[in-house]
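**Q** sequence first, then the predicted structure, then my questions.
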Amino acid sequence: MAMDQRHRLTRRHFAQGGAAAAAFAGLGQRASSAPFGPLEKPRLTLGIPLDAASFTPVYVAAARTWKPHGLDIELISFRGDAEVAQALAGNSIDLSLQSLDGLINLINAGQPVRGFYAGFYQSDFAWLAQRHIKQWKDLKGGTAGVSTYGSLTDQLTRYVLKRNGLEPGKDVQLVQVGTTASMLQALKAGRLALAILSPPFKWMAQEAGFSELGTQLDIAPQWPKHAYLAKTKFIDDNPNTLRAFLRAHVAALALARAEAAMTVDILIERLKWSRDYAQRAYEETMPAYDARGRLPDAHMDVFWSIEIAGGAVTQAWPDTKLIDDRFIKSFDDWAG
C-alpha cells in the first residue's frame, strides 16, 4: 500500500504522561499476563477510515496501552470507509474500526465479516447554512452538500430534509462535495446553501457566522458511529488476541477519561488541530463511549429507519447479523 494512502501512528510521537498515565500503564502490564492464555497473533494491523476525534481511544491505546498488553499494532488511516472495508475484505489488514454502514455493505456483498465490539456513540454532525437562511424551509430551491451519494452524510441529510418537509432532489438538490474540509470551503464560496459538517469544521462555520439549522443530536442522542470488525475466521481463531486487544481499548478509554491534558496533547499531535479545537473535541467526544462495547439499543430504530430509506436494507436486522457478541457478553471475564 502506498504511503500517501495511510498515516502511521508511532508511540515516539507522544510526550510522556503524568502519574495517572503511569498507573494505567502498570495496570496494562499486569493485564498482559491475564489468565486467558497466550496471544495467537500479537502483531496486528488495524485500519480506520480517516482521522477524527471519535477515534480518541485508539490514539491513546497506540500511545499507552497496546504495548503493555503484549500487542504490536500498526494503525493505518485510509481515505474513507469504502477503502478500509476493501482492505479488510482483501485481508490486507486484520481489523478495522469503521461505520455500521460499511459493515452492512460488507455483509450485503457476501463478505464473512462481523463486528465484535461497538460502544462508539458519537452523534457529532451539524447542518450549517448560508447566513440568510434561518429555517429549513428557506432552503427550498437551494443545494445541500454531502460527501458522496449513499454515504452516511447523504443518508442523514436526506432524512433531516424530509423530516423538515423538504423533498431531496425536488425541493433541495444534493451534490457530492467530498471531504468535510471541501464542504466548508464550498459553503464559504457560496456554492452550497447547506453543508453537513463534523468537528472541527462545524465550529469553524459557526465562528464564521453561518446558520446552524440542526444537529445529529436532534435525530439521535446516541449514534452507532463505529464498530471493530474482523473476518469471522479471525474472530474464531484469535480469541485471546482479541481479549487482549479489547482489554487494552478499555484501559485506554479509562486513561483518556482520567488524563484529559495528555489526551488533548495526543489529539493535537495526531489531528494537527489547535488546542482549542482539540479541547472542544475531547469534551464533546469522551461522554459518548460505552466501555462494554454495546450498540445504543434505545436509538437503533432511527438508525434502521435511515438504512431502510437509503435502500441498504429492507428491514431492521437482528443484532446478531451485525455483531458477534461473545466478547461483549463476557466483558466481566476479560476487562479486569
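**A** Perfect, I can see it now. Computed from a predicted model, the values in this text were never measured in an experiment.
**Q** center of the chain, which residue is that?
**A** Note on the chain: the residue nearest the mean C-alpha position is residue 226, at 4.3 Å, using Cα atoms, centre = their mean.
**Q** quick check: bridge partners of it?
**A** residue 120 (DSSP bridges).
**Q** CA-only coordinates of the helix or strand encompassing residue 203 in CSV, if you can.
**A** In this structure, residue 203 sits in helix 201-207 according to DSSP states H and E. C-alpha atoms of helix 201-207 as CSV (Å, rounded to 0.1, in the frame of the first residue of the first chain):
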residue,chain,number,x,y,z
PHE,A,201,-15.3,22.3,10.7
LYS,A,202,-18.8,22.8,12.2
TRP,A,203,-17.1,25.1,14.8
MET,A,204,-15.3,27.0,12.1
ALA,A,205,-18.5,27.5,10.3
GLN,A,206,-20.3,28.7,13.4
GLU,A,207,-17.5,31.1,14.2
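**Q** how about the helices in the stretch 51-200 of the chain?
**A** For the stretch 51-200 of the chain, applying DSSP state H, counting those that start in this stretch gives helices covering 56-60, 81-89, 100-108, 152-163, 180-188.
**Q** now mean neighbour count too, for these, in a markdown table please.
**A** Using the backbone N, CA and C atoms, a C-beta is placed for each residue, glycine as well. What follows is these, written out as a markdown table (neighbours: other Cβ atoms under 10 Å):
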| stretch | mean neighbour count |
| --- | --- |
| helix 56-60 | 26 |
| helix 81-89 | 21 |
| helix 100-108 | 20 |
| helix 152-163 | 20 |
| helix 180-188 | 19 |
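**Q** reformat those as JSON lines; add mean pLDDT and distance to residue 238.
**A** Output for the helices of the stretch 51-200 of the chain, formatted as JSON lines (pLDDT from 0 to 100; distance: least, Cβ to Cβ, whole Å):
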{"stretch": "helix 56-60", "mean pLDDT": "98", "distance to residue 238": "18"}
{"stretch": "helix 81-89", "mean pLDDT": "94", "distance to residue 238": "15"}
{"stretch": "helix 100-108", "mean pLDDT": "95", "distance to residue 238": "19"}
{"stretch": "helix 152-163", "mean pLDDT": "94", "distance to residue 238": "29"}
{"stretch": "helix 180-188", "mean pLDDT": "95", "distance to residue 238": "35"}
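**Q** packing partners for the helix or strand hosting residue 240?
**A** Using DSSP H and E, the element containing residue 240 is helix 239-258. Here helix 239-258 touches helix 19-31, helix 56-60, strand 113-120, strand 226-231, helix 260-271, helix 326-329, helix 331-334, going by 3 or more Cβ pairs under 8 Å, 6 or more residues apart in numbering; DSSP states H and E.
**Q** quick check, distance from the last one to the centre of its chain.
**A** On the basis of Cα atoms, centre = their mean, to the nearest Å, helix 331-334 is displaced by 24 Å from the centre of the chain it belongs to.
**Q** restricting to C-alpha, output stretch 114-127 in CSV.
**A** Below are the C-alpha coordinates for stretch 114-127, written out as CSV (Å, rounded to 0.1, in the frame of the first residue of the first chain):
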residue,chain,number,x,y,z
ARG,A,114,-18.8,-9.2,11.8
GLY,A,115,-18.4,-6.6,14.3
PHE,A,116,-17.1,-7.8,17.7
TYR,A,117,-17.3,-4.6,19.8
ALA,A,118,-19.2,-1.3,19.3
GLY,A,119,-19.6,1.4,22.0
PHE,A,120,-18.8,4.4,19.9
TYR,A,121,-21.9,6.6,20.3
GLN,A,122,-20.8,10.0,18.8
SER,A,123,-23.6,11.9,17.2
ASP,A,124,-21.4,14.8,16.1
PHE,A,125,-22.6,16.2,12.7
ALA,A,126,-24.3,19.6,12.3
TRP,A,127,-26.0,21.3,9.4
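**Q** now whichever strand or helix holds residue 304: mean pLDDT?
**A** Assignment of secondary structure by DSSP H and E places residue 304 within helix 300-310. Helix 300-310 carries an average pLDDT of 94.
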